[in-house]
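K.L.:
Take this sequence and fold it.
(2 chains)
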Amino acid sequence: MIELWPYCNIEEVKNLTQYSKPLPMITAETREFWEGCKRHELLIQRCKDCGTYRHYPRPMCPNCGSWNVEWAKVSGKGKVYTYIVAHQPFHPGFFADAPYAVVIVELEEGVRIVSNIVDCTPEDIYIGIPVEVEFDDVTEEVTLPRFRKAT
Amino acid sequence: MEGFTLRDKAAIVGIGETEYSKNSGMSHLALLLQAATRAIEDAGLSPKDIDGVVIAMGVIPFEDIAVNLGTEDLKYAASILMGGASATASLQSAAMAVAFGIATNVLCLTGWNAYSAMRVSGIGQATDLSSAMPVMSTMPKLRDFEMPYGLFGPAQWYAPLAMRHMHEYGTTSRQLGAVAVTCRKHAQLNERAMMRGRPMAIEDHQNSRMIVTPFRLFDCCLESDGAAAVVVTSAERATDMRHRPVYIMGVAEGHPVPVDQIANRQDMFQIGLSYAAPRAFAMAGVTPKDIDVAEIYDCFTWTVICQLEALGFCKRGEGGPFVEGGRIELGGELPINTHGGLLSQAHVIGMNHIVEAVRQLRGDAGAAQVKDAEIALVTGWGDLGDGSVAILRR
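P.N.:
Down below sits the predicted model:
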């Protein structure tokens, strides 16, 4: 019932790697997503019965209740639906980055994903800016999908 | 059960608060017990009369409360885990318990040492996990898909919503500021408000530093040490208590879809309260026009604007203009947060909003009293947009 915040133990992460930002914990439910990222492919769950995309990964389709799911490679293209500029970082791993932007990208397939834009200052970001995915191999284990302005 | 309604089946008969401060000097448990015993005394009851305990936001195990109150037969214990929506949602749980005779006198309480021990704005900075806060079951998803990109905690969860609201409806930072200025103005009338004696003008808001665009410092609520509690009993018993009862006319909770995240909501402004409000108004048999005073959960200025829309006080997108021009101030069409709110009284997870609504309906709100207040509305907003609302009458 009671869980701990922050969920990841920052000191532990620091001891494992020089990378000081939080990393995802790869679980049975999310492994295919992260393994896709390591191959530089953006995979999103799609219901094999009704075709509905869903993110974050989960066992059941919220549209039709099906457990029948596939990991679909998506285009990685989309537009910024909304974003923030964090002036006050709430995690030591981001102290050097502030002010930094976090974006919510709406992919062409309709699902949205939280990420960063790599080649844009916060001032240059706007709602609707077209973006495409690229992959950032932040550690040996983890590759994060991020976005750049679409050409 | 066809046709059953919770309307007017339960009443709030006791209220209790600690001092609100930056350093309570008390343990978390002692703080909660102080608010609890004050609420019990206010009801004219003794601690052993409490046979139900509802902990809002799961800030502490109910066992710690019951064992200190000397409870001999605890008939109902629950923890509500909806973040800031928990306090108002706890009224629903308590009302159900007393309406069905499961318990007689139910204590709803919450509180924390959220300045001296465990600041919400310090989340992620705290490497001392002993000061960690209880959080939501959705945390693993945020950890995996949001935190790696630098998205942490309430200010950064809700700022994307406010940004989108500004984009779609032209809501401005000055309109957000109008909420902050109103709460600060009301806090000047409240001797229990942490920001009493520190008035604020709109320019102060506009000049305050940016925390996370579009939220400036004064768009963000206080962090406080403090606790608050209420006692709920059945409508029949309520008439024999020390104070005039405050009846729960309507109460509901609601959860947005998908509930585990904000990013993938088709309609980002269809919040938990959007589902809860029609249910609560229908139960109470009243409309927004009937509300004399509203205590709206103000973790951030923008959340007030969004909730006023969801409640139907104004149309979608019109919340910005609605809060301008004194409409939400004392003497205006809809006075809100007459105690100063989380923005300027204290942040006790919204239980202080319920306490203030009860004071208003008892006629005990002092300089902030809304004349002849008969019906009050209280909301909660928590986690990723869970909502709760109670409509109370004297």
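
K.L.:
Next one: residue B:239 from residue B:247, what distance?
P.N.:
Using CB to CB, to the nearest Å, residue B:239 is found at 10 Å from residue B:247. From N, CA and C alone the C-beta is placed, and that goes for glycine too.

K.L.:
same question, residue A:125
P.N.:
Going from residue A:125 to residue B:247 by CB to CB gives 50 Å.

K.L.:
State which strand of chain A is the longest.
P.N.:
Assignment by DSSP state E gives strand A:77-86 as the longest strand of chain A.

K.L.:
That strand near chain B anywhere?
P.N.:
Yes - under the criterion of CB under 8 Å from any CB of the partner chain, strand A:77-86 makes contact with chain B via A:81-86.

K.L.:
residue ranges with poor pLDDT in chain A?
P.N.:
Along chain A, segments meeting pLDDT under 70 span A:1-17.

K.L.:
what are the ranges of the strands in it?
P.N.:
Using DSSP E, strands in chain A cover A:43-47, A:53-54, A:69-73, A:77-86, A:100-107, A:112-115, A:130-137, A:143-149.

K.L.:
mind giving me JSON lines with those and columns for distance to residue B:304 and mean neighbour count?
P.N.:
Formatted as JSON lines, the strands of chain A follow (distance: least, CB to CB, whole Å; neighbours: other CB atoms under 10 Å in any protein chain shown):
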{"stretch": "strand A:43-47", "distance to residue B:304": "35", "mean neighbour count": "21"}
{"stretch": "strand A:53-54", "distance to residue B:304": "32", "mean neighbour count": "18"}
{"stretch": "strand A:69-73", "distance to residue B:304": "40", "mean neighbour count": "14"}
{"stretch": "strand A:77-86", "distance to residue B:304": "19", "mean neighbour count": "22"}
{"stretch": "strand A:100-107", "distance to residue B:304": "23", "mean neighbour count": "24"}
{"stretch": "strand A:112-115", "distance to residue B:304": "25", "mean neighbour count": "25"}
{"stretch": "strand A:130-137", "distance to residue B:304": "32", "mean neighbour count": "17"}
{"stretch": "strand A:143-149", "distance to residue B:304": "32", "mean neighbour count": "19"}
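
K.L.:
Any chance of JSON lines for those, columns distance to residue B:297?
P.N.:
Shown next, in JSON lines, are the strands of chain A (distance: least, CB to CB, whole Å):
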{"stretch": "strand A:43-47", "distance to residue B:297": "34"}
{"stretch": "strand A:53-54", "distance to residue B:297": "30"}
{"stretch": "strand A:69-73", "distance to residue B:297": "37"}
{"stretch": "strand A:77-86", "distance to residue B:297": "21"}
{"stretch": "strand A:100-107", "distance to residue B:297": "23"}
{"stretch": "strand A:112-115", "distance to residue B:297": "24"}
{"stretch": "strand A:130-137", "distance to residue B:297": "34"}
{"stretch": "strand A:143-149", "distance to residue B:297": "33"}
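
K.L.:
before we move on, back to that, work out the gap between the longest strand of chain A and the centre of the chain.
P.N.:
Counting by CA atoms, centre = their mean, to the nearest Å, strand A:77-86 is centred 12 Å from the centre of its parent chain.

K.L.:
In the sheet, which strands lie alongside it, parallel or antiparallel?
P.N.:
Strand A:77-86 sits in its sheet next to strand A:100-107 (antiparallel), strand A:130-137 (antiparallel), strand B:210-213 (antiparallel), going by DSSP bridges.

K.L.:
picking that back up, of residue B:239 and residue B:247, which one has the most company?
P.N.:
residue B:247 (20 against 11; other CB atoms under 10 Å in any protein chain shown).

K.L.:
In the sheet, which residues pair with the more buried one? Tell me.
P.N.:
Using DSSP bridges, the bridge partners assigned to residue B:247 are residue B:11, residue B:393.

K.L.:
dump the residue contacts of it.
P.N.:
If a contact means CB atoms under 8 Å, 6 or more residues apart in numbering or on different chains, then residue B:247 has B:8, B:10-11, B:235, B:238, B:392-394 as its contacts.

K.L.:
same thing but 6 Å
P.N.:
Contacts for residue B:247 were tallied using CB atoms under 6 Å, 6 or more residues apart in numbering or on different chains; they are B:8, B:11, B:393.

K.L.:
Look up the closest residue to the first one, ignoring the ones flanking it.
P.N.:
The shortest distance from residue B:8 to any residue other than its chain neighbours is 5.0 Å, reached at residue B:247 (CB to CB, 6 or more residues apart in numbering or on different chains).

K.L.:
still on that earlier bit, for the longest strand of chain A, which outside residues touch it?
P.N.:
Residues outside strand A:77-86 that contact it (CB under 6 Å, 6+ apart) are A:99-108, A:112, A:122, A:125, A:127-130, A:132, B:156, B:159-160, B:163-164, B:212-213.

K.L.:
do stretch A:46-59 as well
P.N.:
A:29-30, A:33, A:44-45, A:61, A:63-64, A:66, A:68, A:70, A:72, A:109-111, B:141, B:145.

K.L.:
if you set the cut-off to 8 Å instead, what comes out?
P.N.:
A:29-30, A:32-33, A:44-45, A:61-64, A:66-72, A:74, A:109-113, B:141, B:144-145, B:260-261, B:264.

K.L.:
List the ones among these that fall in helices.
P.N.:
Members of those lying in helices (criterion: DSSP state H): A:32-33, B:141, B:144-145.

K.L.:
Next, format those as JSON lines and append distance to residue A:142.
P.N.:
Shown next, in JSON lines, are the ones in helices among the contacts of stretch A:46-59 (distance: CB to CB, whole Å):
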{"residue": "A:32", "distance to residue A:142": "14"}
{"residue": "A:33", "distance to residue A:142": "11"}
{"residue": "B:141", "distance to residue A:142": "16"}
{"residue": "B:144", "distance to residue A:142": "10"}
{"residue": "B:145", "distance to residue A:142": "12"}
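
K.L.:
Quick check: which ranges of chain B have low pLDDT?
P.N.:
Counting by pLDDT under 70, chain B contains low-confidence ranges at B:1, B:121-138.

K.L.:
Quick check: closest non-adjacent residue to the spatially most central residue of it.
P.N.:
The centre of chain B sits closest to residue B:350, judged by CA atoms, centre = their mean, with a distance of 2.4 Å. By the measure of CB to CB, 6+ apart, the closest residue to residue B:350 outside its immediate chain neighbours is residue B:87, 4.1 Å from it.

K.L.:
which element follows the one helix or strand the one you found maps to toward the C-terminus?
P.N.:
Taking DSSP states H and E as the definition, residue B:87 sits inside helix B:86-99. On the C-terminal side of helix B:86-99, the closest following helix or strand by DSSP H and E is strand B:105-113.
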